[in-house]
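Peer 1: Got a predicted structure here, sequence first:
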Amino acid sequence: MGLFEDVLKPNQNLIKNEAALEKDYIPKELPYRQNEQHYLADCIKPLFQKRSGRNLFIHGGPGIGKTTACQFILRELEEETDDIAAIYVNCWKHNTTYKVLLEICNILGYKFTQNKKTFDLYDIISRILNKKAAAFIFDEIDQVEDQDFLYYVLEDIHNKTIFMIGNRRSFLVDMEDRLKSRMIPEVFEFRAYKLNEVLGIIKLRKDYAFHSNTWEQDAFDMIAQKTYEIKDIRSGLFLMKEAAREAEKKIKNKITKEHVQEAINKLENFTIKNTEELKADSKIIFEIVKKNSGKKIGDLFKIYQKEGGNASYKTFQRKISELEDGKFIKTKKQTGAGGNTTIVEKKITDF
Ligand SMILES: Nc1ncnc2c1ncn2[C@@H]1O[C@H](COP(=O)(O)OP(=O)(O)OP(=O)(O)O)[C@@H](O)[C@H]1O
Ligand SMILES: [Mg+2]
């Protein structure tokens, strides 16, 4: 009769390859970003003739393939030639000039960095890189605390291309003039994916990650639709993983709409970026917003000060807008008797 057909056998998992659902996983292909990849490659090509390439500021919403597209390019570059150093730095993790330089030394395989000052590191890096050319990618550039390393790269490295990736276009407006005039970056926007593109990407990832026949079609469609609404591929990966966990918990061998709904309910607590990666002050502000969701920004600032926070109101506002860019929280404008104010809420997804 097959009454127990849908029951998982002991030791049976629905996920075949969990790594394919992790946010850092680099997929084998990057569909729907071919044009962007060609454009990025064209900017780098002059390095092959020992000339500098074009500098770019790449921006766009979270989770739409900016980092991955750049990592693809660097991977291909490394496969193609040893004459161009491929340097990728995540400026969220390495957020000061000193830390960025240490990371570049690390990438270049230079190990004797202990007790070296910033200028020593500058020297070592330029000695290595000026024997060849270099493609730099500074990801999460809007998280840096100082921009001196950019100045150094622009001044002292002869043949280079610099790509900066960020969510906020305003980073460029606020960039120091001495850098802007030297770098003259082109602005390049990654557009959000269309519904059929989200569907294609998520389906490909599903096929890498799951055994065949694991998903009911309507359950999978529901994931694609939600991912499209949120506009962030990472939330689709999260939903697939969580829905599978729900099904496994209930010892089912098919993932259904019910499991997807459970996963969607959990999205409220899912933050697009890892909170571990937040700087201490931002973490405190994030906690305050979570506890006081829906309050005015001025009132939140008072709570922050009461709890010992010592940043200025302007810095506080900037941190709130960074937290919003990272999809940790959301804000909305409200017009009242006293004029306009901003209401800050913890991120609640609209379903
Ligand atoms: N076209 C695509 N094909 C396959 N996977 C994709 C594609 N676009 C994005 N992804 C996947 O979506 C996830 C998020 O992509 P990525 O980290 O590149 O986003 P991002 O634009 O850099 O976001 P953020 O601004 O938050 O850093 C990754 O797991 C990536 O593999
Ligand atoms: Mg990124």
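Peer 2: Here it is on my side, so go on. Numbering: from 1, shown residues only. Ligands and ions are numbered 1, 2, ... in the order given.

Peer 1: what pLDDT, on average, does the helix or strand hosting residue 58 get?
Peer 2: For residue 58, the element it lies in under DSSP states H and E is strand 56-59. In this model, strand 56-59 carries a mean pLDDT of 96.

Peer 1: What pairs with it, parallel or antiparallel?
Peer 2: Using DSSP bridges, strand 56-59 pairs in its sheet with strand 160-166 (parallel), strand 186-189 (parallel).

Peer 1: Tell me how far the nearest residue to residue 65 once chain neighbours are set aside lies from residue 27.
Peer 2: Setting aside the residues directly before and after it, residue 65 is nearest to residue 33 in space (Cβ to Cβ, 6 or more residues apart in numbering), at 5.3 Å. Backbone N, C-alpha and C define where each C-beta goes, glycine included. Using Cβ to Cβ, to the nearest Å, residue 33 is found at 11 Å from residue 27.

Peer 1: who's more crowded, the two?
Peer 2: residue 33 (21 against 14; other Cβ atoms under 10 Å).

Peer 1: Residues of this protein that sit close to ligand 1?
Peer 2: 23, 25, 27, 30-33, 62-68, 167, 201, 233-234 (Cβ under 6 Å from any ligand atom).

Peer 1: Restricted to helices, list those.
Peer 2: Assignment to helices by DSSP state H places the following of the residues of the chain next to ligand 1 there: 66-68, 201, 233-234.

Peer 1: Name the nearest residue to residue 158, ignoring sequence neighbours.
Peer 2: residue 130 (5.4 Å).

Peer 1: picking up where we left off before, need the winner for burial among the strands paired with strand 56-59.
Peer 2: Counting by mean count of other Cβ atoms under 10 Å, strand 160-166 has the highest mean neighbour count of the strands paired with strand 56-59, with a mean of 24.

Peer 1: ok, and what's touching it?
Peer 2: Here strand 160-166 makes contact (Cβ atoms under 8 Å, 6 or more residues apart in numbering) with 40, 43-44, 46-47, 52-59, 66-67, 70, 129, 133-142, 150, 153-154, 171, 183, 185.

Peer 1: Any buried residues in the helix or strand of the chain with the lowest mean pLDDT, and which?
Peer 2: Sorting the helices and strands of the chain by mean pLDDT, DSSP states H and E puts strand 329-336 at the bottom, at a mean of 78. By 16 or more other Cβ atoms under 10 Å, the buried positions in strand 329-336 come out as 329-331.

Peer 1: thinking again about what came up before, as JSON lines, the strands paired with strand 56-59 with mean pLDDT and distance to residue 113 would be great.
Peer 2: Output for the strands paired with strand 56-59, formatted as JSON lines (pLDDT from 0 to 100; distance: least, Cβ to Cβ, whole Å):
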{"stretch": "strand 160-166", "mean pLDDT": "96", "distance to residue 113": "21"}
{"stretch": "strand 186-189", "mean pLDDT": "94", "distance to residue 113": "33"}
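
Peer 1: Same list, the ones you listed, but as TSV with distance to residue 301 please.
Peer 2: What follows is the strands paired with strand 56-59, written out as TSV (distance: least, Cβ to Cβ, whole Å):
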stretch	distance to residue 301
strand 160-166	25
strand 186-189	32
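
Peer 1: Point out where this structure drops to low pLDDT.
Peer 2: Filtered on pLDDT under 70, the chain yields the residue ranges 1, 4, 7-11, 268-278, 337-338, 347-351.

Peer 1: how about the strands in it?
Peer 2: 56-59, 84-90, 133-139, 160-166, 186-189, 295-296, 329-336, 339-346 (DSSP state E).

Peer 1: Take the ones you listed and lay them out in JSON lines including distance to residue 242.
Peer 2: Output for the strands of the chain, formatted as JSON lines (distance: least, Cβ to Cβ, whole Å):
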{"stretch": "strand 56-59", "distance to residue 242": "29"}
{"stretch": "strand 84-90", "distance to residue 242": "26"}
{"stretch": "strand 133-139", "distance to residue 242": "27"}
{"stretch": "strand 160-166", "distance to residue 242": "28"}
{"stretch": "strand 186-189", "distance to residue 242": "31"}
{"stretch": "strand 295-296", "distance to residue 242": "30"}
{"stretch": "strand 329-336", "distance to residue 242": "21"}
{"stretch": "strand 339-346", "distance to residue 242": "19"}
